[in-house]
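>>> My questions concern the predicted model and sequence given below.
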Amino acid sequence: MSDNTTAHIADQYDEKVRSTIPCFENFHQQTLDLIRHCQPSPASWLDTGGGTGILIKEAVEVFPDTRFILADPAPPMLARAQVKLGTHERVTIAEPGGSGELKYTNDSFDVITAIQSHHYLDSTGRKLATANCFRMLAPGGVYVTFENIRPFTPTGIETGLRRWIDFQTDCGKPRDEAEAHAARFGHEYFPITISEHLELLRSTGFSVVEILWASYLQAGFYAVK
């Protein structure tokens, strides 16, 4: 039984996510490398849907002058993040809340990251969450999101899900568990295509919209306000 929106309870998330999502570590490596090139010394960084704090734990070492806020809708995830990050003077753990609910003022952050968080939202919720991130981002600020994606064709979806199942079983997950996770596609989480991701970011108002990374059924995007 999950205690958050993901399929994994918070206490097991860090271990389970690596055997569930291919190349998961790449999401953070790509994000940190991009920010180093786009915003070498950000003053403020919001990680929304930040879960147990995996990204922020790495980012505080790479960006020694940045202040971070970690937000997530699930209290158990925030509790795990608090344990992981301790009382770090540059990290604030926010009250529980999703991307669309956060009330920080306009132009608050130089960087906003949303890693594997918005695919649980329906179309309206995803638009609201993206627009709220745009509102909170400072002019010239960078938004990075990684999400599950929907291939363009039924054959692409079928092939992608079979590859994803095999990845999980290769990592030691029982096949019935891997198939159950794949069965959530389009029912418990709602991937959109790469084209739809790009159009969403453009229509939100970002001046620069790019693909950062893609593999299996996941992709990363970045956008500049």
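Received the coordinates, thanks.
>>> Can you pull the domain assignment for the chain?
10-150+190-224, 153-185 (automatic domain parsing).
>>> List the buried residues for the last one?
Spelled out, it's domain 153-185. 157, 160-161, 164-165, 167-168, 173, 178-179, 181-182, 185 (16 or more other CB atoms under 10 Å). No exception for glycine: its C-beta is placed from N, CA and C like everyone else's.
>>> now stretch 96-111
Residues of stretch 96-111 classed as buried: G98, S99, G100, L102, Y104, S108, F109, D110, V111 (neighbour count, 16+ other CB under 10 Å).
>>> Put together a markdown table for those residues, with secondary structure, pLDDT and distance to Q30 on each row.
A markdown table is the format used below for the buried residues of stretch 96-111 (DSSP: H, G, I helix; E, B strand; the rest coil; pLDDT from 0 to 100; distance: CB to CB, whole Å):
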| residue | secondary structure | pLDDT | distance to Q30 |
| --- | --- | --- | --- |
| G98 | coil | 96 | 23 |
| S99 | coil | 97 | 20 |
| G100 | coil | 97 | 25 |
| L102 | coil | 97 | 24 |
| Y104 | coil | 98 | 25 |
| S108 | coil | 96 | 24 |
| F109 | strand | 98 | 19 |
| D110 | strand | 98 | 18 |
| V111 | strand | 98 | 14 |
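>>> Quick check: buried residues in stretch 35-55?
35, 38-39, 42, 44-55.
>>> picking up where we left off before, out of the buried residues of stretch 96-111, which is nearest to H118?
Of all those, H118 sits closest to S99, with 6.6 Å by CB to CB.
>>> so that closest one makes contact with A129?
Yes: look at S99 against A129 with CB atoms under 8 Å: they come within range, at 3.7 Å.
>>> Overlap of the contact sets of these two?
Residues within reach of S99 and of A129 at once, by CB atoms under 8 Å, 6 or more residues apart in numbering, are A114, H118.
>>> Send me the longest strand anywhere in the chain as PDB with only the CA atoms.
Longest strand in the chain, counting residues (DSSP state E): strand 137-148. Listed next in PDB are the C-alpha coordinates belonging to strand 137-148 (Å, rounded to 0.1, in the frame of the first residue of the first chain):
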ATOM      1  CA  LEU A 137       9.900  31.500 -11.500                       C
ATOM      2  CA  ALA A 138      12.000  34.700 -11.900                       C
ATOM      3  CA  PRO A 139      12.500  36.200 -15.300                       C
ATOM      4  CA  GLY A 140      15.400  34.300 -16.900                       C
ATOM      5  CA  GLY A 141      14.900  31.500 -14.500                       C
ATOM      6  CA  VAL A 142      15.100  27.800 -15.500                       C
ATOM      7  CA  TYR A 143      12.400  25.200 -15.100                       C
ATOM      8  CA  VAL A 144      13.300  21.500 -15.400                       C
ATOM      9  CA  THR A 145      10.900  18.700 -15.500                       C
ATOM     10  CA  PHE A 146      11.200  14.900 -16.100                       C
ATOM     11  CA  GLU A 147       8.100  12.900 -16.700                       C
ATOM     12  CA  ASN A 148       6.800   9.600 -18.000                       C
END
